[in-house]
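> any chance you could fold what I've pasted below:
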Amino acid sequence: MATSTRDLSAADGGSPIPENIARQLINTYKTEEGWTPDKTRAVWFSLADLAGIVALVNETGGDGVRIYFGKYPSDVDIPGTPDPAYKGRVTTVFIPTLATPDGAHQDLFSPLPPADGQEGQAQAYNHGGLCPPNCPPPPPPKPPRV
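Purely as a prediction, here's the structure:
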């Protein structure tokens, strides 16, 4: 299946990709960044979590989410962290976005701490299942094509 540049454009958001492209992207990350035991390689979200993300976007009047990579501190407990083994591991943080008149997608709030130290009350979404430590077993190999 040929994939055009338009199929992979991020201008209008995401799109489905074929299995071979997904594998290429993941393998490039594995090759260049490494899948050592101390590095996050995936974050799992349940269908209910995905519905919660959509609900959060809808509650804010948003038009989508921007997914940031974050990292749990190694030496500080973050309230609500689902697993102590997450300390020092990379995670994802979903921040709702709002459409601007020029068609851009503005984060509901800045992902970095404000210079004035004043925190807002907006919400983001986190706490997916990190792999490692919660990695599924590899799927069985596909039978050879005959």
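
> quick check: closest non-adjacent residue to the spatially most central residue of the chain.
By CA atoms, centre = their mean, the chain has its centre lying nearest to residue 92, at 4.2 Å. Of all residues not flanking residue 92 in the chain, residue 43 sits nearest, at 4.9 Å (CB to CB, 6 or more residues apart in numbering). Placement of C-beta: from N, CA and C, glycine included.

> helices or strands next to the helix or strand the one you found falls within in the packing?
Here residue 43, judged by DSSP states H and E, is contained in strand 42-44. Judged by 3 or more CB pairs under 8 Å, 6 or more residues apart in numbering; DSSP states H and E, strand 42-44 is in contact with strand 129-131.

> beta partners of the residue nearest to residue 92?
residue 130 (DSSP bridges).

> what about it, neighbour count?
18 (other CB atoms under 10 Å).

> what distance do you get for it to residue 133?
12 Å (CB to CB, to the nearest Å).

> cool, residue 103 as well?
For residue 103, the distance to residue 133 - CB to CB - is 41 Å.

> low-confidence ranges in this structure?
1-13 (pLDDT under 70).

> what about 50?
1-10 (pLDDT under 50).

> one step back: for residue 103 and residue 133, indicate the residue with more neighbours.
In this view residue 103 and residue 133 are compared by other CB under 10 Å, and residue 133 has more residues nearby, 13 against 9.
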